[in-house]
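Trainee: attaching a predicted model along with its sequence, questions to come.
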Amino acid sequence: MEQKSTDKKVRTAIILCSLFFVLEIFNHNIDVYFNGINYIIWTVLTLVLFLAVAIFFIKSIKRSVKKRKNSTLKTHLPTIIYTVTLILCAAIPGSESFESDSVLIAGYEGAMQGQSIIKFRKNKTFEMNTTAVYGYNEWFTGTYVQRGDTLLLSYETKKPGFVGNKLLKTGKELLTLDKPKDTTARYIPLRIYKDVK
């Protein structure tokens, strides 16, 4: 009976830690890939998994201390799994660090508690993340070509309604140059936060 209980605790540790590790390390890539997912639900799921890992970690420490006189490695295995997972999540940078470096970062902070951040990377790709209240979270990705101070964007996803395909770097801002004349769309300037020349 004790053997079955230990096996179940080891399986629980492996499953919880695997899920938490994948969500924590690949959070950025998963968020970009599942563009329409609600960011609040995503954050709550990660938090619930973290709390579960923390609770089971504390329980496994108590169990290891309680059974220290007649224990085997298998008795301490859940504690080891939880410890290694928490250390790895703290020590390993997120998956975004494995992507190409950003050469230009610009953004917009709106009055309605919304913001947009766009990152242009060395490998000629860009990604824009737009967030707002109530869990709005949308990604716009694609490639770009730079000609002097002009950036020509080619979207792989749908195009946002507030930034065009042709942007001009003015030193402090990115301005949309290809504004349609027959629309009331409001194109916003993006303030430059980082520019590696």
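Mentor: Structure's in. What do you need?

Trainee: tell me how far residue 178 lies from residue 167.
Mentor: 9 Å (C-beta to C-beta, to the nearest Å). Quick note: C-beta positions are derived from backbone N, CA and C, even for glycine.

Trainee: which one's more surrounded, these two?
Mentor: residue 167 (28 against 11; other C-beta atoms under 10 Å).

Trainee: bridging residues for that one?
Mentor: residue 151, residue 176 (DSSP bridges).

Trainee: where in this structure is pLDDT low?
Mentor: Applying pLDDT under 70 to the chain flags the ranges 1-4, 35-39, 111-112, 180-185, 197.

Trainee: what helices and strands are in contact with the longest helix along it?
Mentor: For the chain, the longest helix by residue count, based on DSSP state H, is helix 39-66. Under the contact criterion of 3 or more C-beta pairs under 8 Å, 6 or more residues apart in numbering; DSSP states H and E, helix 39-66 touches helix 2-25, helix 27-33, helix 73-91.

Trainee: find the centremost residue of the protein, please.
Mentor: Nearest residue to the geometric centre of the chain (C-alpha atoms, centre = their mean): residue 28, 2.4 Å.

Trainee: may I see the buried residues of the longest strand anywhere in the chain?
Mentor: Using DSSP state E, we find that the single longest strand of the chain is strand 136-147. Using 16 or more other C-beta atoms under 10 Å as the test for burial, strand 136-147 gives 137-140, 142, 144.

Trainee: try stretch 158-178
Mentor: 160, 162-164, 167, 169, 174-176.

Trainee: cool, stretch 106-117 as well?
Mentor: For stretch 106-117, by 16+ other C-beta under 10 Å, it's 106-108, 116-117.

Trainee: stretch 27-45 now?
Mentor: Applying 16+ other C-beta under 10 Å to stretch 27-45 flags 27-28, 31-32, 39, 42 as buried.

Trainee: first to last residue in that stretch, what's the distance?
Mentor: 12 Å (C-alpha to C-alpha, to the nearest Å).

Trainee: which residues touch that stretch?
Mentor: 23, 46, 94-96, 127, 131, 134-139, 141, 157 (C-beta atoms under 8 Å, 6 or more residues apart in numbering).

Trainee: try 6 Å
Mentor: When contacts are defined by C-beta atoms under 6 Å, 6 or more residues apart in numbering, stretch 27-45 is touched by residues 94-96, 135, 137, 139.

Trainee: which ones are touching residue 134?
Mentor: Residue 134 neighbours (C-beta under 6 Å, 6+ apart): none.

Trainee: what secondary structure does residue 163 sit in?
Mentor: coil (DSSP: H, G, I helix; E, B strand; the rest coil).

Trainee: for residue 138, see how far away the nearest residue in space to it that is not next to it in sequence is.
Mentor: The shortest distance from residue 163 to any non-neighbouring residue, by C-beta to C-beta, 6 or more residues apart in numbering, is to residue 176 (5.9 Å). The gap separating residue 176 from residue 138 is 18 Å, by C-beta to C-beta.
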